[in-house]
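>>> model the following, please.
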Amino acid sequence: MHDARASACGTRMIVTFIACLMTAVIFGGCSENPVAPVKVDNGLQYVVPESVGYSSEKLDEARQFAEQSGFASMMALYDGKVFFSWGNVMRNYRCHSIRKPFLSALYGIHVSLGHIDLDATLEELGIDDIPPALTDDEKQARVRDLLKSMSGVYHEAAAETPEMKDSRPVRGSHPPGTHFYYNNWDFNALGTIFEQETGTGIFEEFKRRIADPIGMEDFDVDSCTYEYEPTVSMHPAYAFRMSTRDMARFGVLYQKNGIWKKKRIIPSEWIDESTTTFSIMDAGAGVGYGYMWMTIPEGSAFAQMIGGTGYYHTGVGVHVIIVLPAQKLVIVQRYNTDGAWVDPGEAGMQLGLMVINARL
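Model (predicted):
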């Protein structure tokens with residue numbers, strides 16, 4: 001689930017194409033047949049790229065490159081309007097680490113309802129783990145420390161990659177709130193805390209609070225699973241599956257500052273706070289980290305490369321959701337990682353830049 005290549009993958013934001021010259025997009029993929037120039041699909045409006053300032057010709061080059069590189073689907077939206085859509089956007093692909101922004105959004109909702117105290121400690125919440133159990137010092141980590149991936153708890157965790165295990169600090173080496181480490185223990189324990197404090201299941205609550213209100217069409221609670229490793233940790237990973245078009249809706253919800261069709265879904269204060277840069281993941285690219293969102297700080301090399309600030313998350317380096325609020329741009333990139341798959345390497349970054357640079 002973890003992106004071992006966090007900074008490089010961070011710039012792997014990519015999107016997709018479906019505009020066929022002065023025709024519009026047929027839902028679910030690109031069609032060569034002329035259709036109406038604008039299509040509305042359960043809240044998503046599909047438009048010709050030129051109508052929102054993008055080049056169909058340049059986007060078609062991106063589409064061809066996406067096909068050659070083995071991606072499964074992509075979408076790009078300007079101010080909520082789909083101007084680029086390609087591939088099977090209806091299939092529920094594995095989300096890997098993009099599970100984290102989904103849980104972050106749920107935290108924002110329940111923090112505003114008073115159900116979760118971000119300053120509560122693990123000790124106060126009764127959170128522990130299998131032997132070797134948490135120490136008294138580790139139990140002083142607050143919920144907000146876990147959201148920042150700065151808990152200082154370096155217990156083994158479910159769904160860790162070999163890279164995560166190799167880079168995991170020694171137990172007790174950093175006090176809570178003092179050191180960033182991309183930590184599956186934090187992310188998984190946050191799932192346990194969420195369910196304990198709200199009395200709800202993560203997937204069911206996501207459907208009720210977010211998926212249904214914003215018109216997700218393919219999201220299925222039954223396709224999402226908990227990944228248990230009881231000999232490693234008592235806290236399971238929570239594995240989401242989601243389609244490209246539904247993930248695009250989630251991105252637009254954030255781009256619209258938490259509002260969907262004039263209805264407040266996520267508190268704006270939470271969006272601001274959760275996408276604040278609290279630490280730097282990669283000093284070279286300037287990739288930061290907020291509350292389970294990777295951030296693109298102002299003045300960073302990443303921001304200069306893409307022409308603005310924003311935030312994003314990746315899944316094993318090939319699944320991407322990126323939100324650039326100032327540009328009113330949302331990009332979603334998907335790859336079929338079920339079964340054996342070949343890492344396309346830096347192709348993802350190149351694709352994303354091709355779309356961003358397709359502006360007229």
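
>>> hey, where'd the helices end up in the chain?
Shown for the chain, the helices assigned by DSSP state H span residues 6-10, 56-69, 99-112, 122-125, 143-147, 162-167, 184-198, 202-206, 244-255, 268-274, 301-306, 347-356.

>>> ranking those helices by mean pLDDT, which is last?
Here the lowest mean pLDDT among those goes to helix 6-10, at a mean of 40.

>>> got the helices of the chain as CSV, with mean neighbour count and distance to N88 columns?
C-beta coordinates here come from the backbone N, C-alpha and C atoms, glycine included. Listed next are these as CSV, based on neighbours: other CB atoms under 10 Å; distance: least, CB to CB, whole Å:
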stretch, mean neighbour count, distance to N88
helix 6-10, 22, 22
helix 56-69, 18, 12
helix 99-112, 22, 21
helix 122-125, 17, 41
helix 143-147, 24, 33
helix 162-167, 13, 29
helix 184-198, 22, 28
helix 202-206, 21, 22
helix 244-255, 25, 8
helix 268-274, 18, 30
helix 301-306, 19, 26
helix 347-356, 22, 17
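
>>> can you put the ones you listed in TSV and add distance to I280?
Output for the helices of the chain, formatted as TSV (distance: least, CB to CB, whole Å):
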stretch	distance to I280
helix 6-10	10
helix 56-69	29
helix 99-112	18
helix 122-125	25
helix 143-147	16
helix 162-167	16
helix 184-198	17
helix 202-206	29
helix 244-255	22
helix 268-274	17
helix 301-306	11
helix 347-356	19
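
>>> what's the closest of the ones you listed to K261?
helix 244-255 (10.2 Å; CB to CB).

>>> about what we covered before: tell me which of the helices of the chain sits nearest to I321.
helix 244-255 (5.2 Å).

>>> quick one, that closest one and helix 99-112 angle?
Here helix 244-255 runs at an angle of 40 degrees relative to helix 99-112 (axes from the mean of the first three to the mean of the last three CA atoms, to 10 degrees).

>>> so which of the helices of the chain comes closest to M75?
Short answer: helix 244-255, nearest of those by CB to CB, at 4.6 Å.

>>> only alpha carbons, please: show that closest one as CSV.
What follows is helix 244-255, C-alpha atoms only, in CSV (Å, rounded to 0.1, in the frame of the first residue of the first chain):
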residue,chain,number,x,y,z
THR,A,244,-11.6,6.5,-11.8
ARG,A,245,-14.8,8.5,-12.2
ASP,A,246,-15.7,8.2,-8.5
MET,A,247,-12.2,9.1,-7.5
ALA,A,248,-12.5,12.1,-9.8
ARG,A,249,-15.7,13.2,-7.9
PHE,A,250,-13.7,12.9,-4.6
GLY,A,251,-11.0,15.2,-6.1
VAL,A,252,-13.6,17.7,-7.3
LEU,A,253,-15.2,17.7,-3.8
TYR,A,254,-11.8,18.9,-2.4
GLN,A,255,-11.2,21.3,-5.3
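
>>> now stretch 313-321: buried residues?
313-321 (16 or more other CB atoms under 10 Å).

>>> pLDDT at the closest residue to N88 other than its chain neighbours, what is it?
Using CB to CB, 6 or more residues apart in numbering and skipping residues adjacent in sequence, the residue nearest N88 is S73, 5.2 Å away. Note on S73: pLDDT of 96.

>>> what's S73 in contact with, if anything?
16, 29, 86-89, 91, 93, 244, 334 (CB atoms under 8 Å, 6 or more residues apart in numbering).

>>> at 6 Å what do you get?
87-89, 244, 334 (CB atoms under 6 Å, 6 or more residues apart in numbering).

>>> which of those count as buried?
87, 89, 244, 334.

>>> from these, pick the one nearest A141.
R334 (33.7 Å).

>>> the closest one against C95, yeah?
No - using CB atoms under 6 Å, R334 makes no contact with C95, being 9.1 Å away.

>>> how near is the residue nearest to N88 to I331?
12 Å (CB to CB, to the nearest Å).

>>> I296 too?
12 Å.

>>> retrieve the pLDDT associated with the nearest residue to K100 once chain neighbours are set aside.
Spatially, and ignoring its direct neighbours in sequence, K100 is nearest to M292 (3.8 Å; CB to CB, 6+ apart). We have a pLDDT of 98 for M292.

>>> what residues are up against M292?
By CB under 6 Å, 6+ apart, the neighbours of M292 are 100-101, 104.

>>> same list, the residues you listed, but as JSON lines with distance to H115 please.
Converted to JSON lines, those look like this (distance: CB to CB, whole Å):
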{"residue": "K100", "distance to H115": "19"}
{"residue": "P101", "distance to H115": "19"}
{"residue": "S104", "distance to H115": "15"}
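
>>> nearest to V153, out of the residues you listed: which one, please.
For the contacts of M292, the nearest to V153 is K100 (16.5 Å; CB to CB).

>>> how close does that closest one get to Y182?
Taken as CB to CB, the span from K100 to Y182 is 10 Å.

>>> do S112 as well
In terms of CB to CB, S112 sits 27 Å off from Y182.

>>> how about H96: what's its closest non-neighbour residue?
Distance criterion CB to CB, 6+ apart; nearest residue to H96, sequence neighbours excluded, is G315 at 3.0 Å.

>>> shouldn't that neighbour be in contact with C95?
Yes - judged on CB under 6 Å, G315 makes contact with C95 at a distance of 5.5 Å.

>>> how far away is the nearest residue to E298 once chain neighbours are set aside from D246?
The shortest distance from E298 to any non-neighbouring residue, by CB to CB, 6+ apart, is to T309 (5.0 Å). Using CB to CB, T309 is found at 25 Å from D246.

>>> for R209, same thing?
Where D246 is concerned, R209 sits at a distance of 14 Å (CB to CB).

>>> looking at it, M75 is touching A248, isn't it?
Yes - contact criterion CB under 6 Å: M75 and A248 qualify, at 4.6 Å.
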